[in-house]
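Asks: predicted model, plus sequence, below.
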Amino acid sequence: MNPQYASLLIALPLFSAFLVPLIKRAGKKVILPYLTLVTLIQTGIAAWAFKEVYTTGKPIIVLAGGFQPPVGINLYIGHFAALFVLIIAVVSFFMTVFSMKAIDVEPIDKYAMLFLLLMLGATGMIATGDIFNLFVFMEITAISAYALTGYNKTGEASEAAMKYIILGGIGSSFFLVGVALLYGSLGTLNLAQIAMLASKMNPTVAQAALALLVFGLAVEAELFPLNAWAPDAYQASPHPVTVMFSAFVVKAGLYAMVRIVYLFKDTPAFMGILNLILILGTLTVVIGELSALRQTNVKRMLAYSSIAQIGLIAVGFGVATPQAVDAAVFHMVNHAIVKALMFLAVGYVAITLGCPCIESFKGLGKKMPLTAFAITVGAISIVGIPLFNIFWSKFRLLLAALQVGKTGIVALILGASLVEAVYYFRLIHAMWFEESKDEKVEENLAFSIIMLLLVALIIVIGVYPEPVWNLVQKAATDLYNVANYIKNVPLLGVSP
Amino acid sequence: MISAYYFGAISLILIGLYAILTKRNLLKILVGLSIMETGVNLLLISVGYVSGRTAPILTEGATPQTAVDPIPQALVLTAIVIGVATTALALTVAINLYEKYKTLDIEKIRGLRG
Amino acid sequence: MINELMIIIFAPLLAGVLAWLLDIKGIREAIGVIGAAIPLAYLIQAYQTLSTQPSIQYSIALAGFKFEFLLYQINWIFAMIAGVVGFAAVLGMVSTAKDSYEWLFALISLTGVLGVFLADDLAGFFIFWEVMTFASFMMVLKYNRKASLKYFLLSVFGAYAMLIAIGIIYAKVGALDFATIQQVLYQDAMRGAFGTDTLFSRNEMILVFGLFLIAFGVKAGMFPLHVWAPDAYSETNQSYTAMFSGVLSKAGVYGMLVIYILLGTRLMYEFGKFGAAPKFGYIIALLGGLTIIVGGLLAALQEDIRKLFAYSSISQIGYILVGIGVGTALSIEAAIYHAVSHALFKGLFFLIVATIIYRTGKTEFKDMGGLAEKMPITFAMAFVAILSLAGIPPLVGFASKWLLFEAVIHENMPILGGMIFFGSAIGFVYLIRFTYAVWFGQRPTDLDDTKDAPLPLAIAMGILALLNVVFGIAPGLVAKELNKIFGKEVIGGTIYELNLGFGRYNGLLITIWLVVGLVIAAIIYFLGAKVRKVPVTDTYQAGNPVTMEYNLTIRRNFFLPLKETLAFWLRISFDRLYQDIGKWIEDLAETMRHYIYNGSVQAYAWYLAIVLLILALWGV
């Protein structure tokens, strides 16, 4: 197949989103199945692109309209993007299934539309090779995320959405200022060309531009102290949307940040920006974990935990040795799997028992054994017990950080992990060893299958991390090896 | 001359930020957000501005040498559209918030915390 | 071919998972016992191999790490401890385990500890360490939330300390396998000795050593990191505790040996010696000595037999740490010897406790008494265990304690010697209580139809008791294996005799004399015994008048005077200190959270503005 078909990754959700009003005429009942179908096709395409990239070892470059970059906008589906686009598609597919039960507020057609746009935006952010295009996709993601956060239309949902809008708005404005600075001094928006010209840029301007870009994206990537919207948005948005936030929306922001920063690898501005990311990441881990400690709302607790894990990934990127980037990408993948599972299970508990508060979880082992089991596996994994997937990435990450002598940061992070162990311990204890009067609930087959699938993934990666680790290393190299990135994009007027 | 545009843009951004940081009325905050976005747009435009040239529209007598850089203008168009969408959404949410909380005072809309 | 080391390590895990999945009563027990027997069988078989070759090696690549496993003399001994005591504990669990959950995690923890012993690289060591910790944590979690949380937190704290230490080593050395690390550090010490720059700075060495000390100290229950142990040991299935205290705590001890193996030369170069002992070792020894005293005293004050033996365990581990800390060949051998004997008699003790609880359902002294008559087999076992722990010849406890004492005194270390001596004395103090209050005296009427130990427990106890006696009478059996560690005859003598050159102990001779003495005593007893009626009030009260307020029977508050004497010291509690710190952190976190995430979007916008400001200032 022609690699240019990879543009369908963007085109399909976009067109499908705008087909939703037409589909609605056929009846409201078909909307969610339609959504499932679209995400399934998207998964298929993503899987094809994934296979293509990993078998040929070469990235797919999609040229929009056939114009060569930097005149035209290109998509760059390298190892990293291929992997993550697949994750996005798969998680989205699972979430469409979950939505069938979890979403009962009208208008369902708007939900479907926003859902597809959210998926589209995240995919685009990861796949694009142009910084302004990145901004557009970021805004698509953000606006659909705002709307989805407020989708339930309760006071809390609206409040969370408003906070998200205001903070996101400030962030994206400054991101744009950063873009303006870059364009003003380099005269290009193409990422590959920016990387090529980066060393010619005035270091002060470069630093300022990077700082602004990092600032803007850090709001999306929920790094402390720019993450204040996140716990509210996680808590108030519909359960499937929370899963998507945690599994890929935030990560897309983080990816974009890292991609842009790494373009400037050979410039003097780089080290300063790395330190910035490192500091933000460490703060995020510590504050996130401490905040989760005494939460009574389990969803909010997971939100804080999720924030902390993102901070950990950011620390990995901030260390920026090849090993650290490998580990950070690995952690990204693992965290996507685990948090998808956790938020799914917690959301399922919330819709079945009415509330994601800790009371619902008392005696969950008797009420919903499978869900409780899934949450337990997820929690154990996050805490970093060996033979579960997150252990490997955490271990790798810490080794990488120690290798460059960041002992203090490692100690801080581990201290925070100790806190993490405490609150997950409480959750597990509440689920299995506390009594509850409620009856046993029949668990939904589809959800059970999804949860078991994710649990199996966690354990398989935990016991035999080799294959995923190899994939992840390639993906990380794609991120880290900027020279290769430049070489792969067929820039006009630059001999290959 | 250019520096005047930059000065104007940065002032707008700061004015917007000031509104967001100090006004307690939600609508004023949203206005501040819009002003800030306008400032950013102005900044983008002025980046591509070349003194004494015309708009980059293909008319008679217009050549690439006489027009300003078209890319920032295209960008700003997009950014404006995005800004409008954000503002529209924000206002919708604001209406909803007012219905639920019966106030637009941002200090009183604090249901989610901690 | 599947390597035998892999079988040794993973057989229990596999059996545990199988037992858990099948969950049929009868079958899961059988699978569990087989799962624990396989490693034992292979370990015994490995003895043959080890007599012809120095080690059995195996390596496996996973996740970018190469995991090395090596079986050689030192860890063979430790693995044998795990094999034997683990097997006995699992046998005991046949009677006492309530569901498949316990089978799963008990066997996983056996896998973990075997893995720790056999691992030959730090990554594998750490992973199995975590597996072991986690599984044992799950065993406690089922019984008690608070105890398990304490255990878990301290363990994770220790594990993270170890992780950082491993990371530092990895960052400097670039490898994780023991052989390379040992070699690099040895060369580093040489480099230091020649006055060139060393790879590790002094501070780094202090840090690495401190972190390892914390990590292993937690697991071994070393003072002041022991606070988890009394609760965790007592709040779980007591058959499992036989393994928990007998084997898992040995992982900490083994870890201390690993410090010697990996870092010994380098640490010795950096910090020098204190007398005959290396300075870093002396720290371990001193902490070990404090552990003996604290554990022993607290054991005497307990009213619950589970707690008593939990504290006693802590105290006994202290002996081993003293031996390791002193760091001469003799003292290390003595320490390992004591590790063997502690595993044997403490495993036996906890199985006895398990039997008592299984049959009576009681755990406190005040509810017991006169059980010797009803449970003669268990009592016989208890008799062996008591003599062994108290260090009375000809049991294994005597041999090892004697060796330790000789080793310490020989190096002229009076403080440590005094601590050991004090420990032995206090051992008598708490054992007296266990001996009398449980087995003799008046029996509460509700214990009148108590039955003796169930068969699996009886077999398990029998195995351990037999070994207690055999290794006591023939201490040379153990000493021979210990000598292989250093490849020379550190402890001389024959099978029945230990000869240190400056002291001798002959197990067989003492046994013979003992038997002769017992025969004479029996003759006197049977000739002169008369039944005498005793009134209930005729009890030993240490000269105090018996009132209800100050009622010191052997079953209730027997050591209250001791407690009152120590009142000042008992107020210092590390347990409370840690709890206060925990609570303080939690309160702080809550305040901080409410302050930062205060709900006002304007405040959040300010955060953004402040970050921008900082960026602007920093950019200039």
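Replies: Perfect, thanks for sending it.
Asks: where does the stretch 151-300 of chain C get nearest to chain B, residue-wise?
Replies: C:L153 (24.0 Å; Cβ to the nearest Cβ). (Glycine included, C-beta is placed from N, CA and C.)
Asks: now check the one helix or strand that residue maps to, is it near chain A?
Replies: Secondary structure from DSSP states H and E places C:L153 in helix C:145-173. Yes - between helix C:145-173 and chain A, judged by Cβ under 8 Å from any Cβ of the partner chain, the touching residues are C:145, C:148-149, C:152-153, C:156-157, C:160, C:163-164, C:166-168, C:170-171.
Asks: next one: stretch C:117-127
Replies: Yes - using Cβ under 8 Å from any Cβ, stretch C:117-127 reaches chain A at C:A123, C:F126, C:I127.
Asks: of the residues you listed, which are in range of chain B?
Replies: Applying Cβ under 8 Å from any Cβ to those, none is adjacent to chain B.
Asks: ok, these vs chain B, which is closest?
Replies: Using Cβ to the nearest Cβ, these come closest to chain B at C:F126, 36.4 Å.
Asks: so what's the residue count around the closest one?
Replies: 22 (other Cβ atoms under 10 Å in any protein chain shown).
Asks: and the gap between it and A:V422?
Replies: 21 Å (Cβ to Cβ, to the nearest Å).
Asks: go on, C:G295?
Replies: Distance from C:G295 to A:V422, by Cβ to Cβ: 27 Å.
Asks: more neighbours: those two, which one.
Replies: Between C:G295 and A:V422, C:G295 has the larger neighbour count (other Cβ under 10 Å), namely 29 against 22.
Asks: list the residues that contact the more buried one.
Replies: C:G221, C:F223, C:H226, C:Y311, C:S312, C:S313, C:I314, C:S315, C:Q316, C:I317, C:G318 (Cβ atoms under 8 Å, 6 or more residues apart in numbering or on different chains).
Asks: low pLDDT regions in the stretch 201-350 of chain A?
Replies: Scanning the stretch 201-350 of chain A for pLDDT under 70 picks out no residues.
Asks: what parts of it come near chain B?
Replies: A:P231, A:D232, A:Q235, A:A236.
Asks: and the helices in the stretch 201-350 of chain A?
Replies: A:203-220, A:229-236, A:239-244, A:250-263, A:269-292, A:298-319, A:322-353 (DSSP state H, counting those that start in this stretch).
Asks: what does the stretch 51-200 of chain A give?
Replies: Under DSSP H, counting those that start in this stretch, the stretch 51-200 of chain A gives helices at A:79-102, A:108-127, A:131-149, A:155-186, A:191-197.
Asks: where does pLDDT dip in chain B?
Replies: Looking at chain B by pLDDT under 70, you get B:1-2, B:50-52, B:55, B:58, B:61-62, B:64.
Asks: closest point of it to chain A, which residue?
Replies: For chain B, Cβ to the nearest Cβ, closest residue to chain A: B:K100, 3.4 Å.
Asks: got the contact list for that residue?
Replies: Contacts of B:K100 (Cβ under 8 Å, 6+ apart): A:T154, A:G155, A:S158.
Asks: what's the angle from the helix or strand where it lies to helix A:131-149?
Replies: For B:K100, the element it lies in under DSSP H and E is helix B:70-101. Angle of helix B:70-101 versus helix A:131-149, following axes from the mean of the first three to the mean of the last three Cα atoms, to 10 degrees, is 10 degrees.
Asks: circling back: mind giving me the PyMOL select for the contacts of B:K100, buried ones only?
Replies: Per 16 or more other Cβ atoms under 10 Å in any protein chain shown, the buried members of these correspond to this PyMOL selection:
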select buried, chain A and resi 155+158
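Asks: right, I'll call it a day here.
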